[in-house]
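let me see the structure of the following:
(2 chains)
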Number of protein chains: 2
Amino acid sequence: MNEHFADRLANAVRRLRTPVCVGLDPRWKQLPDPLRRHIARSPSAVADAYKKFCCGVIDVVAPLVPVVKVQAAFFEELGPDGMVAMGQTIAYAREHGLLVILDGKRNDIGSTAEAYARAYLGADQNPWGTDALTVSPYLGDDSLAPFVDTACERGGGVFVLVKTSNPGGRMLQDLVADGQRLYRRVGEHVERLAVETTGNWGYGCVGAVVGATFPDQLAELREAMPHAWFLVPGFGSQGGTAADVAAAFDARGLGAIVNNSRGILFAYERPEYRERFGPDHWQAAVEAATRAMVDALRDVARGL
Amino acid sequence: MNEHFADRLANAVRRLRTPVCVGLDPRWKQLPDPLRRHIARSPSAVADAYKKFCCGVIDVVAPLVPVVKVQAAFFEELGPDGMVAMGQTIAYAREHGLLVILDGKRNDIGSTAEAYARAYLGADQNPWGTDALTVSPYLGDDSLAPFVDTACERGGGVFVLVKTSNPGGRMLQDLVADGQRLYRRVGEHVERLAVETTGNWGYGCVGAVVGATFPDQLAELREAMPHAWFLVPGFGSQGGTAADVAAAFDARGLGAIVNNSRGILFAYERPEYRERFGPDHWQAAVEAATRAMVDALRDVARGL
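Predicted structure coming up:
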């Protein structure tokens, strides 16, 4: 019970021999036509379509990848109905043996951060069933501490935003204060928290979000943060490639999971799959795109 | 339709002649005994108790204050049941004529930030019924833009975290880069967005979260950001006083709303009210504490 999150993640990555994380970001406009056809645009009908779509993705990817990342925003957009669908989607992912990260980028001052930590960390002990949560660092060290404590207690995981994949992330993250870029300062704080919480594989239960779209910074942060799991967004639709994320892995192929959302979910729309599959065979396109990404990363996450 | 958020806020503050914002932060351990007694600790039973408690608070404060701030974390902690209760609480607040800010401190990269903006801005056009949302700036300018666009379109409001009320906020917010503190840089960006979106009272639909616990910085930011509404947390339980927030107001008594959560919700526990009211008369204690805060701020928000 309460096995260390970093160990559970390492074991799952090794078992499937891939660091691929599939992002569950349902977007109405891109949903395959068979799931949108004849659906009212009411929140409850759309929520139901999102749940069906995500569960259909899970059916395909659960045998192939260790972990999924659920994007809270798209479910929150539907109101309470969306949140119910999000809970059902998470439960379905867990039943299929997947680790689940909620990408919620939450945080607040200490006593309120505790509530977020209890909400989302340690799948067996929270009402959502999520293993881990993404967290924003703007509120500082005392806002991160409750997440670390709860993660340790419950076998949960935390991924702190360090260097995000969007161009505008530069505005604050790349500022230089006392001779050090802000992302580096946040990264070093996360590394300290990771060192204090390491499991059997040498990684802590506190990790970092580091975008695939800035490969130099990814390499720099990997060196500065040897005990932190990286959750790497920005692969695929945002432009990140296997070569861009190569530096994220240790010699065992561990240390990073690489997320792809749109490139997998909506693979049926991609030029290379459109004719072969199309909207009616969107699940086959999900499988093809997932397998292609697994293959692409096999060359860079050596040792798995 | 879609009246400018800053105007709606100004009009509501002037109508009630107070800038008090009541924070709806239900915390199980502090719930008055009559609401906890005989309640199972299941998420749905607790969610129901939270809803009853918050609606009981709304019954008391709706005639006294213009706006409430709902803390998402405490509802999220209860899973989907909590989110349903949050939706019902927000609907109840709206029915009672209150403006509603969701304190969710959300954000993500641009295309996902759009989903958060659609989720929570502009009460008539989103499934939660909230007017405004608190937003974290760590992801930079391109993550804030979708909130500004949606707020303008729908008459919604955005409060960007600038200087938070917790001690650890210093870790990043007080760093000096290019001769300027980080909170000041974020503040100036918010001011630019506010200037671009001003309504009839001279304030934009983009405002700032600035804690009552750092009065010098509050005064500095007020001067630097004359077009941004401030949402000021940290009054009461966190130590902020009326004198600490005096600098936040313009000569008309506008420009800031001051939030109090625990000091009002759980007033029945406070030394000055404990004997007079106690848990059975917790609503009378909420009313007394709200009226006392209204009185205390009348001296500093002159002109109302």
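
check contacts around residue A:247.
Neighbouring residues of residue A:247 by C-beta atoms under 8 Å, 6 or more residues apart in numbering or on different chains: A:215, A:218-219, A:222. To be clear about C-beta, it is placed using only N, CA and C from the backbone, and glycine gets the same treatment.

what residue ranges in the stretch 201-304 of chain A score low on pLDDT?
Filtered on pLDDT under 70, the stretch 201-304 of chain A yields no residues whatsoever.

so which residues of it form helices?
A:215-224, A:242-245, A:262-265, A:271-274, A:282-298 (DSSP state H, counting those that start in this stretch).

wait, which of those is closest to chain B?
Smallest distance to chain B across the helices of the stretch 201-304 of chain A (C-beta to the nearest C-beta): 8.9 Å, for helix A:262-265.

and that closest one, what does it pack onto?
Where contact means 3 or more C-beta pairs under 8 Å, 6 or more residues apart in numbering or on different chains; DSSP states H and E, helix A:262-265 is packed against strand A:20-24, helix A:43-61, helix A:282-298.

save these as a markdown table, and put in mean neighbour count too.
A markdown table is the format used below for the helices and strands packed on helix A:262-265 (neighbours: other C-beta atoms under 10 Å in any protein chain shown):
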| stretch | mean neighbour count |
| --- | --- |
| strand A:20-24 | 27 |
| helix A:43-61 | 21 |
| helix A:282-298 | 20 |
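
and these as a markdown table, adding distance to residue B:41?
Below are those laid out as a markdown table (distance: least, C-beta to C-beta, whole Å):
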| stretch | distance to residue B:41 |
| --- | --- |
| strand A:20-24 | 30 |
| helix A:43-61 | 27 |
| helix A:282-298 | 40 |
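
before we move on, the earlier item: between the helices of the stretch 201-304 of chain A, which gets nearest to residue A:80?
helix A:262-265 (23.6 Å; C-beta to C-beta).

need the CA coordinates for the closest one. CSV is fine.
Coordinates of each C-alpha in helix A:262-265 appear next as CSV, following Å, rounded to 0.1, in the frame of the first residue of the first chain:
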residue,chain,number,x,y,z
ARG,A,262,-3.7,16.2,-29.9
GLY,A,263,-1.3,14.2,-32.0
ILE,A,264,-2.7,11.0,-30.6
LEU,A,265,-6.3,11.8,-29.8
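
now the contacts of residue A:247 as JSON lines including neighbour count and distance to chain B?
Shown next, in JSON lines, are the contacts of residue A:247 (neighbours: other C-beta atoms under 10 Å in any protein chain shown; distance: C-beta to the nearest C-beta, whole Å):
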{"residue": "A:215", "neighbour count": "18", "distance to chain B": "18"}
{"residue": "A:218", "neighbour count": "25", "distance to chain B": "16"}
{"residue": "A:219", "neighbour count": "16", "distance to chain B": "21"}
{"residue": "A:222", "neighbour count": "22", "distance to chain B": "21"}
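
in three-state terms, how would the spatially most central residue of chain A be classified?
Centroid check for chain A by C-alpha atoms, centre = their mean gives residue A:69 as the closest residue, at 3.9 Å. Of the three states, residue A:69 takes strand under DSSP: H, G, I helix; E, B strand; the rest coil.

what residues are up against it?
A:21-24, A:100-103, A:231, A:259, A:261.

from the residues you listed, which is closest to residue B:156?
Residue B:156 has its nearest neighbour among those in residue A:103, at 23.1 Å by C-beta to C-beta.

thought the closest one was touching residue A:74?
No: Residue A:103 sits out of contact with residue A:74 when judged by C-beta atoms under 8 Å, with a separation of 10.1 Å.

please report how far residue A:31 lies from residue A:49.
Per C-beta to C-beta, to the nearest Å, residue A:31 is found 6 Å from residue A:49.

meant to ask about residue A:254, not that
Residue A:254 is 36 Å from residue A:49, by C-beta to C-beta.

and for residue A:25?
Distance from residue A:25 to residue A:49, counting by C-beta to C-beta: 14 Å.

which element, helix or strand, includes residue A:188?
Residue A:188 belongs to helix A:182-195 when elements are defined using DSSP states H and E.

what angle do that helix and helix A:215-224 make?
30 degrees (axes from the mean of the first three to the mean of the last three C-alpha atoms, to 10 degrees).

any residues touching helix A:182-195, and which ones?
A:137, A:141, A:144, A:148, A:160-163, A:172-177, A:203-208, A:210, A:217, A:220-221, A:224-229, B:171-172, B:175, B:177, B:182.

before we move on, what about stretch A:208-219?
A:134, A:159-166, A:169, A:183, A:187, A:190, A:221, A:225, A:228-235, A:238-241, A:243-245, A:247-248, A:258.

can I get the buried part of these as one PyMOL selection?
Of these, the buried ones go into a single PyMOL selection, burial set by 16 or more other C-beta atoms under 10 Å in any protein chain shown:
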select buried, chain A and resi 134+159+160+161+162+163+164+165+166+169+183+187+190+221+225+228+229+230+231+232+233+234+235+238+240+244+245+247+248+258
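
in the stretch 151-300 of chain A, what residue lies closest to chain B?
Counting by C-beta to the nearest C-beta, the stretch 151-300 of chain A gets nearest chain B through residue A:168, at 3.0 Å.

count the residues that sit near that residue.
As a burial measure, residue A:168 scores 17 neighbours (other C-beta atoms under 10 Å in any protein chain shown).

just give the closest residue to it, not the sequence neighbours.
Among residues not flanking residue A:168 along the chain, residue B:142 sits closest, at 3.0 Å (C-beta to C-beta, 6 or more residues apart in numbering or on different chains).

secondary structure element holding that neighbour?
Under the criterion of DSSP H and E, residue B:142 resides in helix B:141-154.

pull out the buried positions in that helix.
B:141-148, B:150-152, B:154.

after that helix, next one along is what?
With DSSP H and E, the next secondary element past helix B:141-154 is strand B:157-163.

now do the buried residues in stretch A:269-276.
A:269-270, A:273.

counting neighbours, what do you get for the residue nearest to residue A:151 when sequence neighbours are not counted?
Among residues not flanking residue A:151 along the chain, residue A:205 sits closest, at 4.4 Å (C-beta to C-beta, 6+ apart). Using other C-beta under 10 Å, residue A:205 is surrounded by 32 other residues.
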